[in-house]
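Asker: Kindly generate the corresponding structure for this input.
(2 chains)
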Amino acid sequence: MDWLPDAAIWFWVPLCLIPLGGWITISGKSRKRGLLLSSLGLILVMASSWTVPESDSSASGHLLLTILGPSLLLVYGLYGMVFGGNVPVGRLDDSSRWSGFVAVLASLAIFSAMHWANYTPIWRGQVNPYWLVFFPTFLLFSTSITSLASIALVGYGNERSSEATKMAMLSVTLSGIALSAMLFDGSSTSAEEFRGHFWMTVADLLGTVIGIIFAITAFAVVIWMYERNLAQPKSSPPPTEKEIKHVVELSEKHIGGEE
Amino acid sequence: MQNSKASWKLLVLAGVLPILVLATINLSLGDDFESETFKRFGNALLTSYIIMGTLLLGNLFFYANSRHRPAAPFVGMIVAIGIGLSLGWVLISYDDLLLEANGSLRAQALSNIVHFLVIATAMLLGSILAIGATFAAITGRPRRVLFREEE
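Answerer: Numbering: from 1, shown residues only, chains lettered A, B, ... in the order given. Coordinates of the predicted model:
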């Protein structure tokens, strides 16, 4: 257990720097310093597989590093697709829409290859345990949110059925990838193993979403109780005769005209 | 706002339905869920509650700098997080209700935090994909002519 102080220094302290940087950024005191702190924390967490390989927690840093490439490709692709379309400001050229689409497809293909081809993140000679948490969660959550977006487009938008259809197709595609993982063995994970992890993913997703809702509710209740117990602001006294006279004078000076 | 055809119930159903469909297929393939699933649910719930509460407490502290930083909301949030921490401590320690394949309370707590980091990353990436794809679909349509000039 000699590595515990190293794990604290090279994994847990950098992990704490990520939200700390975020808080400094929102405080508005020094945005650059906050972003720098968060970035430094994230880089050190991702490097933890080299700095503290003995710690089990470093497997999560290893996973974040492994998925960095396809994640950046996904963000780049979506940026190109959004700003290559009809946007009033910052429009890119038309080709960026297609290149963005290809980048998004390539990113999803790389994620799939990490499951079915020999690109699975390997940690200590075995499949990174957090990959089996990340991949099903990503697929399930994306499927759910794209389906929600599809219905929201039809429900709240005006003549948005073609866009809603595209979102529904994306949801079905992502469901198809999840279903394929349930039916066909991956390079290092069997279909049966994936199905076992599926239940854990559902439990994780539901638990996390409900926990976040509870925390936001507790926060709202605390703020509401504080605001409710504040003393009523004092009413200002009615205007004096002198003040009324001054206002009348000003009004007469500005309102004029003949009948 | 226009007459919306979607209620929040329909939206919730749209979000939950794909998961239910995949869960039904998974169940039909003959894989029952294990008792560990309930432990994972409990751990995920408590961890996300505590971490999200802590993040909101941090926001309250840093954002309230220009508002004379009133003490009452801080105390309230610390109590709310404290309840979550105590509940987690009791459920992990007492009769191993939430203890997974970890040897101690500390190992379980650290494992939960790392697990949350991975889940949050997956959820963030999924949200980026869904929101980005929605905007890409919206901006992909040719600009509509709203008004025609009078001839």
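Asker: contacts and neighbour counts: CA atoms only from here.
Answerer: Fine.
Asker: hang on, isn't residue A:150 packed against residue A:170?
Answerer: No - the criterion here is CA atoms under 8 Å, and residue A:150 misses it with residue A:170 at 9.5 Å.
Asker: So the two - more neighbours on which side?
Answerer: residue A:150 (27 against 20; other CA atoms under 10 Å in any protein chain shown).
Asker: Show me how far the host helix or strand of the more buried one is from its chain's centre.
Answerer: Using DSSP states H and E, residue A:150 sits within helix A:131-156. Centroid displacement of helix A:131-156 relative to its chain, using CA atoms, centre = their mean, to the nearest Å, is 13 Å.
Asker: which other helices and strands contact whatever helix or strand comes next after it?
Answerer: On the C-terminal side of helix A:131-156, the closest following helix or strand by DSSP H and E is helix A:161-183. Contacts defined by 3 or more CA pairs under 8 Å, 6 or more residues apart in numbering or on different chains; DSSP states H and E place helix A:161-183 against helix A:131-156, helix A:191-228, helix B:8-28, helix B:105-139.
Asker: how does it look with 6 Å?
Answerer: Applying 3 or more CA pairs under 6 Å, 6 or more residues apart in numbering or on different chains; DSSP states H and E, one finds that helix A:161-183 contacts helix A:131-156, helix A:191-228.
Asker: winner for burial among those?
Answerer: helix A:131-156 (a mean of 24; mean count of other CA atoms under 10 Å in any protein chain shown).
Asker: and it with helix A:161-183, angle?
Answerer: 160 degrees (axes from the mean of the first three to the mean of the last three CA atoms, to 10 degrees).
Asker: could the helices and strands packed on helix A:161-183 be laid out in CSV, adding mean pLDDT?
Answerer: Formatted as CSV, these follow (pLDDT from 0 to 100):
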stretch, mean pLDDT
helix A:131-156, 93
helix A:191-228, 92
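Asker: Out of those, flag the one nearest residue B:9.
Answerer: Nearest to residue B:9 among the helices and strands packed on helix A:161-183 is helix A:131-156; the distance by CA to CA comes to 11.0 Å.
Asker: Just list what the closest one packs against, helices and strands only.
Answerer: Looks like helix A:131-156 contacts helix A:161-183, helix B:8-28, helix B:105-139 (3+ CA pairs under 6 Å, 6+ apart).
Asker: Just want the angle from the helix holding residue A:150 to helix B:105-139.
Answerer: Interaxial angle, helix A:131-156 versus helix B:105-139 (the same axes, to 10 degrees): 40 degrees.
Asker: angle of helix A:131-156 against helix A:191-228?
Answerer: Orientation of helix A:131-156 against helix A:191-228 (the same axes, to 10 degrees) gives an angle of 60 degrees.
Asker: quick one, what contacts residue B:75?
Answerer: By CA atoms under 6 Å, 6 or more residues apart in numbering or on different chains, no residues touch residue B:75.
Asker: Secondary structure element for it, which one?
Answerer: Assigned by DSSP H and E, residue B:75 belongs to helix B:71-93.
Asker: anything in whichever strand or helix holds residue A:63 near chain B?
Answerer: Using DSSP H and E, residue A:63 maps to helix A:58-83. Yes - counting by CA under 6 Å from any CA of the partner chain, contacts between helix A:58-83 and chain B involve A:78, A:81, A:82.
Asker: just those residues now: which is nearest residue B:28?
Answerer: For the residues of helix A:58-83 next to chain B, the closest approach to residue B:28 (CA to CA) belongs to residue A:78, at 35.7 Å.
Asker: Quick one, grab the pLDDT at the closest residue to that closest one other than its chain neighbours.
Answerer: In space, and not counting its chain neighbours, residue A:78 is closest to residue B:132: 5.5 Å by CA to CA, 6 or more residues apart in numbering or on different chains. According to the prediction, residue B:132 has pLDDT 95.
Asker: Residue B:132: neighbouring residues, count only.
Answerer: The burial count for residue B:132: 20, using other CA under 10 Å.
Asker: circling back to that earlier point, what residues of the helix holding residue A:63 count as buried?
Answerer: By neighbour count on 16 or more other CA atoms under 10 Å in any protein chain shown, the buried set for helix A:58-83 is A:58-67, A:70-71, A:73-83.
Asker: again with stretch A:171-181
Answerer: By neighbour count on 16+ other CA under 10 Å, the buried set for stretch A:171-181 is A:171, A:172, A:174, A:175, A:177, A:178, A:179, A:181.
Asker: between the residues you listed, which is closest to residue A:135?
Answerer: Ranked by distance to residue A:135 (CA to CA), these are led by residue A:178 at 9.0 Å.
Asker: How much space separates the closest one from residue B:13?
Answerer: Note on residue A:178: its distance to residue B:13, by CA to CA, to the nearest Å, is 19 Å.
Asker: Apart from its neighbours in sequence, what residue is nearest residue B:11?
Answerer: Residue B:11's closest residue in space is residue A:148 (CA to CA, 6+ apart), at 5.7 Å.
Asker: got the contact list for the one you found?
Answerer: Shown in contact with residue A:148 (CA under 6 Å, 6+ apart): B:11, B:14, B:15.
Asker: is it possible to export those residues to JSON lines including pLDDT?
Answerer: Output for those, formatted as JSON lines (pLDDT from 0 to 100):
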{"residue": "B:11", "pLDDT": "90"}
{"residue": "B:14", "pLDDT": "91"}
{"residue": "B:15", "pLDDT": "91"}
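Asker: Mind putting these into a markdown table with distance to residue B:104 and neighbour count?
Answerer: Formatted as a markdown table, the contacts of residue A:148 follow (distance: CA to CA, whole Å; neighbours: other CA atoms under 10 Å in any protein chain shown):
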| residue | distance to residue B:104 | neighbour count |
| --- | --- | --- |
| B:11 | 41 | 19 |
| B:14 | 40 | 21 |
| B:15 | 36 | 22 |
